[in-house]
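S.K.: Quick one, what's the 3D model for this:
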Amino acid sequence: MSDEEEIEPIEITYDEERYPARPGRLRPRANLRASSIRRSFSDPRSADASNPSYVEWLTRQSMLRDAEILGRGLSGQPSMWRTPYARPDPRRAIGISSVWFTAYPISLITRADQSYLGALGDEALWDAFEKIGITAVHTGPVKQAGGITGWNRTASVDGHFDRISTEIDPAFGAEDEFRQLSDVADRHGGSVIDDIVPGHTGKGADYRLAEMGYKDYPGIYHMVEIPEEDWSSLPTVPEGRDSVNLDAATEALLADQGYIIGQLQRVIFYSPGTKETNWSATGPVLGADGRTRRWVYLHYFKQGQPSINWLDPTFAGMRLVIGDALHSLGDLGSSALRLDANGFLGVEKSAEGLPAWSEGHPLSEAANHLIAGMVRKVGGFSFQELNLTMEDIRDTGRVGADLSYDFINRPAYQHALAMGDTEFLRLTLRTSLATGVEPVSLVHALQNHDELTYELVHWATLHRADLYPFRGEEVMGAALAETIRGDLVEKLTGDAADYNLVFTTNGIACTTASVIAASQGLGTLDSITESHVDDIRQAHLLLVMFNAWQPGVFALSAWDLLGMLPLPADQVHDLIAEGDTRWVHRGAHDLMNVNPGATVSSSGMPRGRSLYGTLPEQLASADSFANQVARILAIRTALGIDVGTQIDIPDVAHPGMLVMVHRLDGGDPADEDAALQVTVLNFTGETIEGTVRSSALTTRRTVTDAETGIEIGRVDDLQSFAVRLPPYAGLFLLIGSTEEDLVAAADPVEEDA
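M.R.: Just a heads-up that it's a prediction; the model follows:
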């Protein structure tokens with residue numbers, strides 16, 4: 001008998017009701033740290049380890065110190081044992097919040113006297129969210145980020161994902177405003193999702209103390225001290241810089257000398273002359289013990305994002321990350337956390353001549369289990385952005401985060417729209433099911449702050465030599481990935497659409513509306529006129545239906561709700577000068593029309609062009625994008641598709657058609673009376689007719705349109721039925737349930753329209 005067979009199912013006997021917006025047992029206690037706001041200041045004394053006051057100043061600001069205080073406050077409390085934490089539970093997480101609004105702090109236009117967090121906590125905004133069907137807000141990173149040089153703070157190098165503090169950045173508001181946001185969300189039946197970054201920090205107080213060799217701080221990072229006799233192997237750090245990236249030859253030399261593990265499996269954000277490896281060397285740094293050191297440190301991402309070491313003997317990195325999570329959940333009132341860049345938490349030297357093992361490492365799984373377990377232990381849930389293979393997503397999800405971002409199907413549905421052909425999308429959906437990554441465990445999203453990621457890691461790495469049926473032949477995974485990337489670049493960028501820009505090797509900087517515009521043959525921003533808005537909106541709604549009419553979380557952003565187009569590149573020239581083209585799709589926007597005269601956000605992002613108008617304008621118009629999204633979500637909620645089970649992705653009669661078959665069983669496979677549901681979508685701009693056929697269908701059952709309540713046919717003896725779909729249309733169909741209340745449950749949708 002296998003170990004898995006011997007495991008007895010656990011019978012939960014305590015309250016399984018919905019978590020509150022923030023766990024009551026961990027209600028904030030003012031502030032758990034000694035000081036609330038620490039601002040940079042000038043001081044004539046030296047800003048190095050020779051000055052004890054400087055070391056003390058850094059220590060007071062460090063995340064590791066805050067983590068120790070937070071941990072002591074919760075240790076030994078009975079509240080830490082009341083919630084199950086060992087196993088991820090995506091359906092319970094969905095029960096807390098099923099539809100998410102993903103915000104981006106620097107792009108939201110607010111009133112002149114209002115902070116970002118104050119705007120998100122506005123009652124009128126939550127009234128609008130409630131009408132649409134949004135039940136959670138993901139705030140994006142709002143804690144202080146960037147670095148410290150001397151006595152002064154430096155700006156973020158990666159959109160606030162280079163965190164240096166547990167405190168809220170004053171540019172986005174205050175901790176009390178975050179707590180107020182949590183309260184307002186709770187009154188509207190919603191919740192708040194925050195971020196932690198377990199893979200790296202910025203170059204803040206913790207990093208500067210690590211450079212000084214102070215106490216446990218070097219243990220936070222993958223830092224290796226290079227003895228002075230080998231400094232000649234290190235590059236010279238130019239004046240005004242604190243580190244310099246190693247070239248490949250120096251990386252190999254230091255690996256041969258036994259100092260570092262050398263080359264990793266890939267170099268994210270590779271840029272010749274800027275980032276050629278994942279390692280950088282510091283200049284000489286005076287230590288708190290009077291010694292001067294030079295270090296080489298690992299950074300998966302940018303040079304200002306030193307990687308955290310999850311298996312240092314001090315466990316300092318682990319303590320820092322857990323403390324940050326507890327602060328968000330226990331002090332600020334979040335219900336959930338996004339785990340950013342959590343797939344890169346383990347590195348290990350490989351056999352000679354091979355790159356170091358840095359992706360899919362068991363330590364990443366173990367670290368994610370610890371983080372997600374702690375989050376569940378205090379009553380929250382977590383989701384991960386893990387752009388690795390499906391096996392990695394599956395294995396990490398078995399013990400780690402409750403939900404995973406859908407990197408699997410996002411490029412595939414964009415490809416289906418661009419090509420008018422769902423073949424690759426059907427392949428990704430089927431492969432996901434076969435691998436054990438069920439859609440109920442995924443966050444199906446439209447645009448977020450990042451690019452349309454088309455690395456297609458599953459196909460391009462582990463399965464690069466595997467054969468897949470595509471376009472009438474068997475192709476290897478690597479060739480398949482290359483073909484899909486080529487299609488997307490050709491159809492969505494360059495001469496096809498000069499407003500969508502390639503982002504390094506990762507993907508395309510674009511909005512959902514601009515992907516659609518390019519797919520519809522609109523080559524420039526000026527060519528997108530009012531006459532094109534209806535077609536763009538209808539295709540946008542199709543993508544809403546794809547993501548919302550299947551199990552799992554559905555997420556959308558302000559850029560989606562308002563139909564935002566990218567910014568002209570010359571408006572963000574300075575931001576994209578070094579290759580980070582993502583800034584073109586992060587245009588500022590005014591959700592609630594609170595500052596119609598603003599041309600930039602408070603953070604300085606230029607205002608983008610909206611095709612659909614503000615939420616108040618849209619909610620006053622029955623056929624607006626927002627109101628049609630509300631109808632789509634009302635069907636989703638009424639019939640429980642979000643916690644159902646996907647059972648089939650059948651072949652289709654027309655290449656532009658997609659069919660997904662689900663059981664509305666709430667995740668209970670023993671529910672023999674569960675109704676079958678079929679989502680049918682048309683990814684083309686033409687009317688199509690075809691036959692839906694699936695072995696999961698029961699013959700001679702009725703087929704009913706859930707939105708209208710009209711019977712459109714019956715399943716014939718070949719387990720099929722006919723459909724007709726206008727351009728970019730979708731159907732939510734119920735198959736022959738004898739429970740008439742399922743159809744009746746959709747009636748309020750028509751009344752709300």
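S.K.: Neighbours of Ala356, how many?
M.R.: 19 (other Cβ atoms under 10 Å). Backbone N, C-alpha and C define where each C-beta goes, glycine included.
S.K.: which residues does it contact?
M.R.: Neighbouring residues of Ala356 by Cβ atoms under 8 Å, 6 or more residues apart in numbering: 261-265, 347-350.
S.K.: Direction included, what does the host helix or strand of Thr679 pair against?
M.R.: Assigned by DSSP states H and E, Thr679 belongs to strand 675-682. Strand 675-682 pairs in its sheet with strand 657-664 (antiparallel), strand 730-735 (antiparallel), by DSSP bridges.
S.K.: helices or strands next to the very next helix or strand once past that strand in the packing?
M.R.: Downstream of strand 675-682, the first helix or strand assigned by DSSP H and E is strand 688-693. Contact here means 3 or more Cβ pairs under 8 Å, 6 or more residues apart in numbering; DSSP states H and E; on that basis strand 688-693 packs against strand 657-664, strand 675-682, strand 720-725.
S.K.: dump the residue contacts of Pro568.
M.R.: With contact set as Cβ under 8 Å, 6+ apart, Pro568 has these partners: 499, 525, 584.
S.K.: out of the residues you listed, which one sits closest to Ala112?
M.R.: Closest approach between the contacts of Pro568 and Ala112, by Cβ to Cβ: Val584, at 26.2 Å.
S.K.: follow-up on the earlier one: compare the contacts of Ala356 and tell me which has the most neighbours.
M.R.: For the contacts of Ala356, the largest number of neighbours (other Cβ under 10 Å) sits with Val347, at 25 neighbours.
S.K.: Roughly how far does that residue sit from Ser358?
M.R.: Relative to Ser358, Val347 is positioned 5 Å away (criterion: Cβ to Cβ, to the nearest Å).
S.K.: so Arg693 sits right up against Ala722, yeah?
M.R.: No - using Cβ atoms under 8 Å, Arg693 is not in contact with Ala722; the gap is 10.1 Å.
S.K.: okay, these two: which has more neighbours?
M.R.: Ranked by neighbour count (other Cβ under 10 Å), Arg693 and Ala722 place Arg693 first, with 17 against 13.
S.K.: How many residues are close by Tyr413?
M.R.: Residues near Tyr413, counting by other Cβ under 10 Å: 25.
S.K.: how far away is Val169 from His299?
M.R.: Val isn't right for residue 169; it's Asp. For Asp169 relative to His299 (Cβ to Cβ), the value is 22 Å.
S.K.: Per-residue pLDDT of Tyr300, please?
M.R.: According to the prediction, Tyr300 has pLDDT 93.
S.K.: I meant to write Glu16 there.
M.R.: Per-residue pLDDT puts Glu16 at 31.
S.K.: Give me the contacts around stretch 490-499.
M.R.: Contacts to stretch 490-499, defined as Cβ under 8 Å, 6+ apart, come from residues 414, 418-419, 452, 500-502, 508, 510, 514-515, 517-519, 521-525, 565-566, 568-569, 584.
S.K.: For PyMOL, write the selection for the buried entries among these.
M.R.: Buried members of the contacts of stretch 490-499, defined by 16 or more other Cβ atoms under 10 Å, are picked up in PyMOL with:
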select buried, resi 414+418+419+452+500+501+502+508+510+514+515+517+518+519+522+525+565+566+568+569+584
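S.K.: Give me the subset of the contacts of stretch 490-499 lying in helices.
M.R.: 414, 418-419, 514-515, 517-519 (DSSP state H).
S.K.: now for these, which pair is the farthest apart?
M.R.: Most distant of the ones in helices among the contacts of stretch 490-499, by Cβ to Cβ, are Met419 and Ser514, 16.6 Å apart.
S.K.: Can you classify the residue lying farthest from the centre of the chain as helix, strand or coil?
M.R.: Relative to the centre of the chain, and counting by Cα atoms, centre = their mean, the farthest-placed residue is Glu229 at 44.4 Å. Recorded secondary structure, Glu229: helix (DSSP: H, G, I helix; E, B strand; the rest coil).
S.K.: From Leu403, how far off is it?
M.R.: 50 Å.
S.K.: cool, His532 as well?
M.R.: Distance of His532 to Leu403, computed by Cβ to Cβ: 35 Å.
S.K.: neighbour count winner among the two?
M.R.: Summary of the neighbour comparison: His532 and Leu403, criterion other Cβ under 10 Å, with Leu403 having more neighbours (23 against 16).
S.K.: mind listing what that one touches?
M.R.: So Leu403 contacts 88, 90, 93-94, 381-384, 397, 441-443, 552-553 (Cβ under 8 Å, 6+ apart).
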